[in-house]
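Colleague: Turn this into a structure:
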Amino acid sequence: MIWRIAITGPESTGKSMLSEQLAAHYNTVWVPEFARAYLADLNRSYKEEDIVYIAQQQLLNEERHSTVANRFLFCDTEFIVTKIWSDVKYGHCDPWILRTIENHRYDLFLLCDIDLPWEYDPQREHPDKRKFLFDLYLHELIVRNFPFFVVRGLGPERLNQAVKKIDNFPF
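Modeller: Here you go, the predicted structure:
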């Protein structure tokens, strides 16, 4: 049995680093965020349909990685991320993403807090909306009744907190 753990939260909250660290700690694999490489190679501004494509490719990559995972599969992003991204940017979300949120289950979500300093990256868009975005993630997880923990802390403290939450979770 592979337990899927989604690492989620606003931009610049350490999702990629935490995913990679957790995979190393548990001797398994993690699914990188497809959007990062896709947008880096895009020779134009992204469009609404790109978000759906990104979500679809993220799901395909997750399925590929699940075949080689060892007990846990850590997913650096998930579909609430694409929903919030689309809602904030375009005012609505594609039905495919909404259906995927409901039908594609994760066993646990780790919501990364905004306690890390925001770092500039050309793909990041909202340094001034961190609390607003964090609250959107929190709301989505609560209203959907998804199992989650908020992870906080700098450096090793964040990883240690996440490991404790995972080790004590009743999988």
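Colleague: how about the helices in this structure?
Modeller: Secondary structure of the chain (DSSP state H): helices at 15-25, 34-41, 48-66, 79-90, 95-103, 130-143, 156-167.
Colleague: chain center to the longest one: distance?
Modeller: This means helix 48-66. 12 Å (CA atoms, centre = their mean, to the nearest Å).
Colleague: what's next to that helix, contact-wise?
Modeller: 2, 4, 29-35, 38-39, 42, 73, 75, 77-79, 82, 85-86, 89-90, 94, 96-97, 100, 104 (CB atoms under 8 Å, 6 or more residues apart in numbering). Every residue, glycine included, has its C-beta placed from N, CA and C.
Colleague: how about 6 Å then?
Modeller: With CB atoms under 6 Å, 6 or more residues apart in numbering as the test, helix 48-66 has contacts from 2, 29, 31, 34-35, 38, 73, 75, 79, 82, 86, 90, 94, 96-97.
Colleague: And the fifth one, by the same measure?
Modeller: Applying CB under 6 Å, 6+ apart, the contact partners of helix 95-103 are Val52, Ala55, Phe79, Thr82, Lys83.
Colleague: Rounded mean pLDDT for that helix, please.
Modeller: On average, the pLDDT along helix 95-103 is 98.
Colleague: Stretch 69-81 too?
Modeller: The pLDDT scores in stretch 69-81 average 97.
Colleague: Skipping its backbone neighbours, what lies nearest Ser86 in space?
Modeller: Cys93 (4.3 Å; CB to CB, 6 or more residues apart in numbering).
Colleague: now the one you found: how far from Lys165?
Modeller: Cys93 sits 28 Å away from Lys165, going by CB to CB, to the nearest Å.
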